[in-house]
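Participant: Coordinates for the following, if possible.
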Amino acid sequence: MNWHGWPHSTKILALALVAGIAAAVSVMIPSPLSYMSLSSGNAPDVKVPNIPKARDPGALTKYASIAERPLFNSDRKPDPLPPPPAPPAPPKPQIVLGDLNQLKLVGVILSGDNRIALVRRASAGTLTLRVGDTLDGWKIEKIDAQGVGLSGGDRQDALRIPKAENRAVPNVHAQSE
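Facilitator: Below is the predicted model of the structure:
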């Protein structure tokens, strides 16, 4: 609808018509404010519905045979009780492993089936260990020429024989002769 071509008097007449319709509608529809009272008058009466009382539970004992012999089971036997829940699995014991940095493998002895590891603690003397022994929570799994294999809980680690460092200064004059 294009309002630009209408004369000014027609626009005012249309605006007055719309305002009149809005006023008539507002008179016909009740305001929600009329339900609220700001005065300290009497509150409206609220009726509480009647709640029927429960029947005598003694009358239900007549129907106990239905619970004992259910109608919808073909054999008329009660449903079996579900099995009790399985007890929770006990928590895995917390394994406390010693610090391998406090241990130093100083040697291994391999003689036939005999396998011995010599391990020095930082705070004590040298220990003699065999496969199957335990040390600070670690179990000795294998001893070979490279070192000692250890396991503890879900972890596996190894103590290796330290490599010797050659700190000798090469003799340059010996090569020229």
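
Participant: Tell me if I'm right that Pro70 and Tyr63 touch.
Facilitator: No - the pair Pro70 and Tyr63 fails to qualify as a contact (Cβ atoms under 8 Å) at a distance of 11.7 Å. Bear in mind the C-beta positions are built from the backbone N, C-alpha and C, glycine included.

Participant: out of the two, which sits in the more crowded spot?
Facilitator: Just comparing Pro70 and Tyr63: by other Cβ atoms under 10 Å the higher neighbour count belongs to Pro70, 13 against 9.

Participant: Specify the local secondary structure of that one.
Facilitator: Three-state call for Pro70 (DSSP: H, G, I helix; E, B strand; the rest coil): coil.

Participant: tell me the contacts of it?
Facilitator: Going by Cβ atoms under 8 Å, 6 or more residues apart in numbering, Pro70 touches 76-79.

Participant: As JSON lines, the residues you listed with secondary structure and pLDDT would be great.
Facilitator: Listed next are those as JSON lines, based on DSSP: H, G, I helix; E, B strand; the rest coil; pLDDT from 0 to 100:
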{"residue": "Arg76", "secondary structure": "coil", "pLDDT": "85"}
{"residue": "Lys77", "secondary structure": "coil", "pLDDT": "86"}
{"residue": "Pro78", "secondary structure": "coil", "pLDDT": "84"}
{"residue": "Asp79", "secondary structure": "coil", "pLDDT": "84"}
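
Participant: of all those residues, which comes closest to Ser111?
Facilitator: For those, the minimum distance to Ser111 (Cβ to Cβ) is 70.8 Å, reached by Asp79.

Participant: What residues sit buried inside the longest helix belonging to the chain?
Facilitator: Taking DSSP state H as the criterion, the chain has its longest helix at helix 8-28. Of all the residues in helix 8-28, not one is buried under the rule 16 or more other Cβ atoms under 10 Å.

Participant: Distance from the chain centre to it, please.
Facilitator: 65 Å (Cα atoms, centre = their mean, to the nearest Å).

Participant: do the same with stretch 48-64
Facilitator: Counting by Cα atoms, centre = their mean, stretch 48-64 comes out at 46 Å from the chain centroid.

Participant: Kindly report the same for stretch 146-160.
Facilitator: 32 Å.
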